[in-house]
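S.K.: need a 3D model of the sequence below.
(chains A, B and C)
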Amino acid sequence: MQQGTPLQQYAPSQSGRRAGRSGKKIKIAHRKTQLQTRLFFTAAAVLFLVCISFLDLSWKQFHQGISSMPDIASKLMTISFEPFVQLVDGMLTSLIIAFLTVVLSVVISILLSFLIAENITPVKWLGRLLRYVLLIIRTIPTTIWVLLAVASMGFGSMAGVLGLLFPTSSYLIKAFAAQIEESSDDTIEAMRSVGASWLQIVFKGLLPGLILPFLAIISFRFEMEVAETVMLGMVGAGGIGVLLQDYISYYEFADLAMGIVIVFITIFAVELISNRVRSKLARR
Amino acid sequence: MYNQTAVPVHHRQKKAKRLMSLALLAAALAFSIIYVKFDLMEFLSGIPLFIRFIFADFLPPNMTNMNSYVRPVLDTLIFAVVGTFISSAIGLVIAFLMARNTSPHPVVRLVLRGIVSFVRNVPFLVWASLLVVIFGVGAMPGLFALLVFGICFLARVYAESIEELDKEATEALTASGASYGQLIRHAIIPQFMPGYYSWTLFMFEINIRASAILGLVGAGGIGSNLKQAMDLFQYGRASMIIVILIVLILAVEFLTQKIRERIL
Amino acid sequence: MTTILNIQGLTKAYSGGTLALTGIDLTVESGEFIAVIGPSGAGKSTLLRSINRLVEPTDGTITFLGEVMSSKNKGSLRRLRSQIGMIFQHYNLVNRSSVLENVLHGRLGYMSPLAGVFSRYSEADKQAAIDLLVKVGLANEVYKRADELSGGQKQRVGISRALMQQPKLILADEPIASLDPKSSAVVMDTIYENCRLQGIACLVNLHQVEVAKKYATRIIGIKAGTKVFDGTADQLTDEMIFNIYEGKEHEMHANQAGA
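M.R.: All right, here's what the predicted structure looks like:
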């Protein structure tokens, strides 16, 4: 048995690196990682300081705002049940706008996504062109689409659906196309070899296997859509947002509090259900 | 053996289920259309009108007086930088307090989680309008709205990436007798950095888009110029602002993508 | 010989009721190199982790250097842990830190919490860490990032980190289970040589009976949470081996990754 030698204190051995022998501190970090970290945070700090010096925020405004907060908070606390029915009606309208938008967008997107997916597109240049158009559509914030739709159609839920249709479709087309591209090229090749037409490949060969992943994407988008619809009501697209905007402009905070509660519960519930649906789909 | 009989039954059930879902969908559609008095014909005829509106009234963008757009663009960028910086600092602290593996106490974690999920589940524009009421119009409510949203968003996604870190390094440092602070500094933070960079840059992208929207409720930024132009029916000007916005957003996304590729 | 570690009636029941360990008694003397063998799921890993309280035992006492390990007092737990080095199957390095930093992590337990947070390692510690790395053949890797290394190199960093603690005891949990045979030999030699030279007692969990027989001064056989063998390599008969691995015979020899 090896009887333990007394614990060795580690004396610096001769083979050690020369670094730090001359009284300098030994560096320990990985240089590139450390450099990147420092660069990132220095740049961020410099940018922040420059930007904040350009920002003219008045102390007076801040002070007034803060001093008005207890008052507003106490008004919010006197939550009112009076507008309950009206708010539920608005919330339902918002949900319906989201629902109709998603349904219409799905119809549009299923067709277009097969035009865009690299592995199945029948006309390559058209697919590529569409991609750029969609990029532009997606880049424009949803709110602006709704603003344009309201300007063309007037206030109301139809303008809401029309405005939301563009960003929603472009999102779905992109997500669907990515899913199609992931699906097996074997199916496409096999069906082509037996002389199936493009429509046959799409509807008989690919679509059946894509329904579950598509449903997961749709449920995720619906979740986003509900939050968007509530917001967009505030710029005139119908639904509960209109009511909320009114309450805020007329300082009816007790009613607003009720509205916030209803919105919170609804969005929370939608998120829960959509999560449940997706985990169920994933298990299949 | 029994499988052979079981297959058709299963098949029939599946078919019935599918029919049921389709019927439910149709019923929901019918109810929706009736409830909001959605006139499909009017809607469909509205689409060409909308497209004509965009191409005839809206385009081309008004290229004159480009100087007047410089200040709003700068404001938007300034908003985004300041908003991202402050929310990333505060969001980081909250994230460490509420991530399962770094939270000092379960009660702290639960309370923070509740607050964050409440704020996040009420749409951004509601908070923005409320802040406009509190602080009056201008840059201040806009910045605060970005902060409220940004802090909660980042706290959540930071906390999630901290929770997803593998526990191996933490285990090793615990075993060697490291304290709570040392664990966070030496095991958690280095591994969390890629997630931190990535989400913070993403926040910057969101903030550019958001400060464009904020203007609509009177909270400053390029959105207020857009709203003004729309209200005065200056569509050429409005479309110019949208074009500038597209360029701005794409440029920022390009830039953040480049930074992401460099830092790994 | 002085007693380093004394385990009495160690029992661990996981929530859900599975008994991982049932009444293990074990004494480790200074200078011993003990291999713990047994099939996967026998409780080897739980045994090691119970010693430094990475796993909280359900029952039993563990005395380390005459002091009872308990999770009650955080300060004393830190102090005790800092004298026990640990080596892991998956190396458990901080991947985005340098190799040198990873080795220096072994000193954290000896530093004040704040000095540790700010990486105020003493120059002597830094030099010692570099010397250790040179000794295990990683002179050119000192400033590399841990994720740039191969598996065998990573494990040698893991060993250096454990040695950096100047431990009285090293716990090695399947140190070679994720390595190829060549790296396995280097890693086992490194652990064995360093423990012998510095008189560190060592407990190694191993799958492979041959490796256990080659290095161990004593072998412990664990089966379904119970100690079924405790003796020298010569006393470990084939019959005994088959008893330990009953039902999982295929695990005796194969150099398994994972598990």
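S.K.: burial measure for the residue of chain C found nearest chain B, as a count.
M.R.: At 2.5 Å from chain B, C:Gly109 is the closest residue in chain C, using CB to the nearest CB. In short, each C-beta sits where N, CA and C put it, glycine included. Using other CB atoms under 10 Å in any protein chain shown, C:Gly109 has 24 neighbouring residues.
S.K.: equivalent analysis for the one 5 residues further on, please.
M.R.: Here the neighbour count serves as a burial measure; for C:Leu114 (other CB under 10 Å) it reads 11.
S.K.: what score does it have for pLDDT?
M.R.: C:Leu114 is assigned 88 on the pLDDT scale.
S.K.: so where's the stretch 1-150 of chain C shaky on pLDDT?
M.R.: Within the stretch 1-150 of chain C, the stretches with pLDDT under 70 are C:1, C:72.
S.K.: go again using 80 as the cut-off
M.R.: For the stretch 1-150 of chain C, the stretches flagged by pLDDT under 80 are C:1, C:16-17, C:70-72.
S.K.: next to chain B, which bits of it? Give me the list.
M.R.: On the criterion CB under 8 Å from any CB of the partner chain, chain B has as its neighbours in the stretch 1-150 of chain C the residues C:52, C:54, C:77-82, C:84-86, C:88, C:90-97, C:101, C:105-106, C:108-111, C:113-114, C:116-119.
S.K.: whether the biggest helix by length in chain B contacts chain A - can you check?
M.R.: Longest helix of chain B, by residue count under DSSP state H: helix B:2-35. Yes. Residues of helix B:2-35 contacting chain A under CB under 8 Å from any CB: B:28-29, B:32-33, B:35.
S.K.: cool, stretch B:194-207 as well?
M.R.: Yes. Stretch B:194-207 lies within reach of chain A by CB under 8 Å from any CB, at B:Tyr197.
S.K.: would you mark the buried spots in that stretch?
M.R.: For stretch B:194-207, the buried set under the neighbour-count rule, 16 or more other CB atoms under 10 Å in any protein chain shown, comprises B:195-207.
S.K.: output it as CSV, nothing but the C-alphas.
M.R.: Only the C-alpha atoms of stretch B:194-207 are listed here, as CSV (Å, rounded to 0.1, in the frame of the first residue of the first chain):
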residue,chain,number,x,y,z
PRO,B,194,-24.1,34.2,-25.5
GLY,B,195,-27.8,34.2,-24.4
TYR,B,196,-27.3,37.7,-22.9
TYR,B,197,-25.8,39.2,-26.1
SER,B,198,-28.4,37.6,-28.3
TRP,B,199,-31.4,38.7,-26.4
THR,B,200,-30.1,42.2,-25.7
LEU,B,201,-29.5,42.7,-29.4
PHE,B,202,-33.0,41.4,-30.1
MET,B,203,-34.4,43.8,-27.6
PHE,B,204,-32.7,46.6,-29.5
GLU,B,205,-34.5,45.5,-32.7
ILE,B,206,-37.8,45.4,-30.9
ASN,B,207,-37.2,48.8,-29.4
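S.K.: tell me the mean pLDDT over it?
M.R.: Regarding stretch B:194-207, the rounded mean pLDDT is 92.
S.K.: same deal with stretch C:165-177?
M.R.: Mean pLDDT, taken over the full extent of stretch C:165-177, equals 92.
S.K.: which residues in the stretch 151-284 of chain A form helices?
M.R.: For the stretch 151-284 of chain A, the helices defined by DSSP state H, counting those that start in this stretch occupy A:157-182, A:185-193, A:198-200, A:207-233, A:240-249, A:253-283.
S.K.: the residue of the stretch 151-264 of chain B at minimum distance from chain A - how many residues pack around it?
M.R.: Nearest residue of the stretch 151-264 of chain B to chain A (CB to the nearest CB) works out as B:Ile213 at 4.5 Å. A count of nearby residues for B:Ile213, using other CB under 10 Å, gives 25.
S.K.: ok, for it, nearest residue in space, not its chain neighbours?
M.R.: A:Thr143 (4.5 Å; CB to CB, 6 or more residues apart in numbering or on different chains).
S.K.: C:Val187 too?
M.R.: If the residues on either side of it in the chain are set aside, C:Val187 comes closest to C:Gln155, at 4.9 Å by CB to CB, 6+ apart.
S.K.: correct me if wrong: the residue of the stretch 151-264 of chain B closest to chain A contacts B:Ser224.
M.R.: No. Using CB atoms under 8 Å, B:Ile213 makes no contact with B:Ser224, being 10.4 Å away.
S.K.: report the distance from the longest helix of chain B to the chain centre.
M.R.: Distance of helix B:2-35 from the chain centroid (CA atoms, centre = their mean, to the nearest Å) equals 36 Å.
S.K.: ok, stretch B:155-170 next?
M.R.: Taking CA atoms, centre = their mean, one finds stretch B:155-170 lying 21 Å from the centre of the chain it belongs to.
S.K.: and it, is it in reach of chain A?
M.R.: No. Legend: contact between stretch B:155-170 and chain A by CB under 8 Å from any CB is lacking; minimum distance shown is 12.4 Å.
S.K.: same question for that stretch: list its buried residues.
M.R.: By neighbour count on 16+ other CB under 10 Å, the buried set for stretch B:155-170 is B:155-159, B:161-162, B:165, B:168-170.
S.K.: still on that earlier bit, please identify which helix or strand holds the residue nearest to B:Ile213.
M.R.: helix A:142-153 (DSSP states H and E).
S.K.: ok so, going back, tell me if the residue nearest to C:Val187 really is in a helix.
M.R.: Yes. Counting by DSSP: H, G, I helix; E, B strand; the rest coil, C:Gln155 is located in a helix.
S.K.: model confidence for it, exactly?
M.R.: C:Gln155 carries a pLDDT value of 94.
S.K.: list the contacts for it?
M.R.: Contacts here follow CB atoms under 8 Å, 6 or more residues apart in numbering or on different chains; on that basis C:Gln155 touches C:87, C:91, C:175-176, C:179, C:183, C:187.
S.K.: can you list the weak-confidence ranges in the stretch 101-250 of chain B?
M.R.: When residues are selected by pLDDT under 80, those of the stretch 101-250 of chain B lie in B:137-139, B:211-213, B:215-221.
S.K.: around chain C, which positions in it sit nearby?
M.R.: Residues of the stretch 101-250 of chain B lying near chain C (CB under 8 Å from any CB): B:168-169, B:171-182, B:185-187, B:190-191, B:193-194.
S.K.: for the residue lying closest to C:Thr2 once chain neighbours are set aside, phi and psi?
M.R.: Of all residues not flanking C:Thr2 in the chain, C:Ser30 sits nearest, at 5.0 Å (CB to CB, 6+ apart). With angles defined as degrees, to the nearest 10, C:Ser30 sits at phi -60, psi 140.
S.K.: and C:Ser30, how far is that from C:Ile200?
M.R.: 8 Å (CB to CB, to the nearest Å).
S.K.: so which of the two has more stuff around it?
M.R.: Under the neighbour definition other CB under 10 Å, C:Ser30 and C:Ile200 were set side by side, and C:Ile200 has more, 27 against 19.
S.K.: I figured the more buried one hits C:Leu169, correct?
M.R.: Yes. Checked against CB under 8 Å, the pair C:Ile200 and C:Leu169 is within contact range at 6.7 Å.
S.K.: what's stretch A:102-119 in contact with?
M.R.: Applying CB under 8 Å, 6+ apart, the contact partners of stretch A:102-119 are A:120-123, A:126-127, A:130-131, A:134, A:161, A:165, A:168-169, A:172-174, A:176-177, A:180-181, A:185, A:188, A:202, A:206-207, A:214, A:218, A:221-222, A:225, B:29.
S.K.: list the buried residues of that stretch.
M.R.: A:102-106, A:108-110, A:112-117.
S.K.: now swap in stretch A:191-201 and tell me
M.R.: Within stretch A:191-201, the residues scored as buried using 16+ other CB under 10 Å are A:191, A:201.
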